[in-house]
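K.L.:
next one to model:
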Amino acid sequence: MSVSLENGQGLMSQDNSLESSLDGPRPLAFQSPMGDLTIIAGSGNPKLAQSIADALHVRLCPAEAQYFSEGNVFVRVLANVRGKDVFVIQGIHYPVNDNFMELLFWIDALKRASAQQVTAVIPFFSYSKGDKKDEPRVSIRARVCADALEVAGCDRVLTMDLHSPQIQGFFRIPVDHMYGRHVLCEHIRALNIPDLVVCSPDIGFAKDAASFASLLGKPVVIGNKARTGHDETVVALEVIGDVRGKNVLLVDDFTITGGTLIAMADILKQRGALDIYAAVSHGVLSRGAAQRIEQSRIKKMFMTDTIEARPETLPSNLEVVSVAPLFAQAIQSVHDRTSVSTLFPEKMPTIKK
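P.N.:
Modelled structure (predicted):
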């Protein structure tokens, strides 16, 4: 027998033949319709979540998170989410473990409240640095986090600029990987910086730097660095390419202490570069980083608003570029079941405001 949906999208009846199903366009009901789009703000990204909700013209779902004196976290959804398509905006940044546990509890609470689909929107996935067993007797932390998210009931992950893109393979659920460089490049291109060269701080980011350069229509050079250990001390060694008489844009996926960018800026100046700019998707900025960046040879640094909580005030030479419109478009695409990858063409896209 045939079953119809309230919105008029028909499901194919059990006795329909293959030929009859090919008579017209593929029915949308082959994929069951999602519930109402619902946005929940975790305590890690309340401002970004509000900006995303505003861009989508929806209200944030009422919810609360409480941290008790002994360190426990309690979350509660304050509205009915049964059958809804829920997106939880919660980055895994400082305080990393608190934010991660809170995200797990949001997912569990929503699944127990019968949400139809729960997508974890993780603007910054800090543990993506732990993607391999590169030392004896260490944990592959990103894999542990992926397993925990799945066990909690997460149906999908939407994140930005993973330090190691192969982490998508750690999940058995869909992962939509977004790129902050499109928003950063659109902002930087509008500044019309003359004689600009894009510089990767190390060989590992060279491919991404080439993508930056392609979007900006500029040449690329590559730096080389050495890290002395887990203390995050960086020594810049060399630059492959000519930067003399050029303005240089240093690019990276994130910065914690600012050490890599500052050391490379010094080398670039020694090689005859003019003004030094920097662009990163995630500005972690641990204690002392703001002062080091402000006193460095970096004229202006650009970063996105994927991270909100930091131990210090941002430096005066740092400018924040919002990725809320881009996240809003991606969330709408996931909800509508359209392609997210179309938001990241090879040429510069125009992000809808």
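K.L.:
I figured G42 hits N99, correct?
P.N.:
Yes - at 7.1 Å, G42 counts as touching N99 under the criterion of C-beta atoms under 8 Å. Where C-beta positions appear, they are placed from N, C-alpha and C, glycine not excepted.
K.L.:
so what sits against both of the two?
P.N.:
Residues touching both G42 and N99 (C-beta atoms under 8 Å, 6 or more residues apart in numbering) are Q90, G91.
K.L.:
check the offset of stretch 136-153 from the chain's centre.
P.N.:
On the basis of C-alpha atoms, centre = their mean, to the nearest Å, stretch 136-153 sits 18 Å off its chain's mean C-alpha point.
K.L.:
need the contact partners of that stretch.
P.N.:
92, 100, 103-105, 107-108, 110-111, 118, 120, 125, 127-133, 157, 164, 167, 170-173.
K.L.:
from the residues you listed, which ones fall inside helices?
P.N.:
Judged by DSSP state H, those include F100, L103, L104, F105, I107, D108, L110, K111 as members of helices.
K.L.:
of those residues, select the buried ones using a PyMOL command.
P.N.:
Listed next is the PyMOL selection for buried residues among these, using 16 or more other C-beta atoms under 10 Å:
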select buried, resi 100+103+104+105+107+108+110+111
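K.L.:
just the strands from this protein, written as ranges.
P.N.:
37-41, 63-67, 73-77, 85-89, 117-122, 156-160, 175-178, 196-200, 220-227, 234-240, 247-255, 276-283, 298-304, 318-321 (DSSP state E).
K.L.:
so who does F68 touch?
P.N.:
F74.
K.L.:
and it, how far from L78?
P.N.:
For F68, the distance to L78 (C-beta to C-beta, to the nearest Å) stands at 19 Å.
K.L.:
same question, S316
P.N.:
Going from S316 to L78 by C-beta to C-beta gives 39 Å.
K.L.:
V221 too?
P.N.:
With C-beta to C-beta as the criterion, V221 and L78 are 52 Å apart.
K.L.:
of the two, give the one with the bigger neighbour count.
P.N.:
Taking other C-beta atoms under 10 Å, V221 and L78 do not tie; V221 has more neighbours (21 against 10).
K.L.:
and the spatially most central residue of the chain, what does it touch?
P.N.:
Geometric centre of the chain, nearest residue: M160, 1.8 Å, by C-alpha atoms, centre = their mean. By C-beta under 8 Å, 6+ apart, the contact list for M160 reads 122-124, 177-180, 281-282, 304, 306, 323, 327.
K.L.:
could you dump the residues you listed to JSON lines with neighbour count and distance to D85?
P.N.:
Output for these, formatted as JSON lines (neighbours: other C-beta atoms under 10 Å; distance: C-beta to C-beta, whole Å):
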{"residue": "I122", "neighbour count": "31", "distance to D85": "17"}
{"residue": "P123", "neighbour count": "30", "distance to D85": "19"}
{"residue": "F124", "neighbour count": "29", "distance to D85": "23"}
{"residue": "H177", "neighbour count": "17", "distance to D85": "20"}
{"residue": "M178", "neighbour count": "25", "distance to D85": "18"}
{"residue": "Y179", "neighbour count": "21", "distance to D85": "24"}
{"residue": "G180", "neighbour count": "25", "distance to D85": "24"}
{"residue": "S281", "neighbour count": "29", "distance to D85": "26"}
{"residue": "H282", "neighbour count": "26", "distance to D85": "27"}
{"residue": "T304", "neighbour count": "27", "distance to D85": "25"}
{"residue": "T306", "neighbour count": "30", "distance to D85": "22"}
{"residue": "V323", "neighbour count": "26", "distance to D85": "21"}
{"residue": "F327", "neighbour count": "29", "distance to D85": "15"}
